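Q: using only what follows, build the 3D model:
(one chain, ligands or ions: 1)
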Amino acid sequence: MSAELISKLTAKMRQIDGVGFGGSPTLTSQDVAGALAGAHRYGYLLVLAKYADDNTSSQLLWTELAQEIAKDRGIDYEKARGIALACIFPVISPMRCHHCYGRGTIYPRSKGQTREEAAYPCRHCEGTGRGEISERQKASMAQIASTTWHDTWKHYAAKKEQFLWSLESSVLGRLRAQLQDVA
Ligand SMILES: [Zn+2]
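A: Residues are numbered from 1 along each chain as shown. Alright, predicted model coming up:
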């Protein structure tokens, strides 16, 4: 893995984790390799695509997931690419929740309490900070009619998307542990 990718990945990890890693050293390629060893391939590609802006990884993820969907559901590869995009896009480019501005936490004005004391998790996004991409938008990304999307693909795509989210959190957890080790 290139030094540039690793430094982007480290910078982004610090950014999402806030002050926790301030001043800690940069991950080395061994650290990253160690953290990613045994990770699911999609998780590895997803994290590089999302956190290191690695276009090669996002293209590979898209292609490989489309191949899997085509095989799994016995459909054309071209059609499967649309569905794969609708599964991947919400994970790589999530919308921000507009109730909490993507923070996952609401900070109400209140007298006698600090900002942190008054804070509570956003109900709208259940503290994830993520906004919803509508099923209509997903159908449009997949280039499938809304009704067909609803009847045939919605649940299938939701499961794939959920799988990608769980892979992301597992890979990020491994990287975080690695950053804490080197800090
Ligand atoms: Zn929210």
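Q: name the residue most distant from the centre of this protein?
A: Going by Cα atoms, centre = their mean, the residue of the chain most distant from its centre is G112, 37.4 Å out.
Q: what's the mean pLDDT across the top helix by length along the chain?
A: Secondary structure assigned by DSSP state H gives helix 154-182 as the longest helix of the chain. Averaging pLDDT along helix 154-182 gives 88.
Q: now swap in stretch 107-120 and tell me
A: In the prediction, stretch 107-120 has an average pLDDT of 87.
Q: again with stretch 8-24
A: For stretch 8-24, mean pLDDT rounds to 62.
Q: with stretch 89-102 instead?
A: For stretch 89-102, the mean confidence score works out to 89.
Q: contact partners of that stretch?
A: By Cβ atoms under 8 Å, 6 or more residues apart in numbering, the residues outside stretch 89-102 that reach it are 46, 49-50, 58, 104, 106, 122-125, 128-133, 138, 141, 161, 164-165, 168. C-betas here are computed from N, CA, C, even on glycine.
Q: still on that earlier bit, surely the residue farthest from the centre of the chain is within a strand?
A: No - G112 sits outside any strand when classified using DSSP: H, G, I helix; E, B strand; the rest coil, being coil.
Q: for it, what are its contacts?
A: Contacts of G112 (Cβ under 8 Å, 6+ apart): none.
Q: hang on, the earlier thing: now do the buried residues in the longest helix of the chain.
A: By 16 or more other Cβ atoms under 10 Å, the buried positions in helix 154-182 come out as 154, 157, 160-161, 163-165, 167-168, 171-172, 174-176, 178-179.
Q: return the member of these nearest to the ion.
A: The ion has its nearest neighbour among the buried residues of helix 154-182 in W165, at 16.0 Å by Cβ to the ion.
Q: now that closest one: how far from K159?
A: Distance of W165 to K159, given as Cβ to Cβ, to the nearest Å: 11 Å.
Q: which element is the residue positioned nearest the centre of the chain on?
A: The residue lying closest to the centre of the chain (Cα atoms, centre = their mean) is V91, at 3.9 Å. Take DSSP states H and E as the rule and V91 turns out to sit in helix 77-92.
Q: tell me the first helix or strand C-terminal of that helix.
A: strand 95-96.
Q: and that next one, anywhere near the ion?
A: No - using Cβ under 5 Å from the ion, strand 95-96 never reaches the ion; the gap is at least 8.2 Å.
Q: which is the next helix or strand following that strand?
A: Following strand 95-96 in sequence, per DSSP H and E, is strand 105-106.
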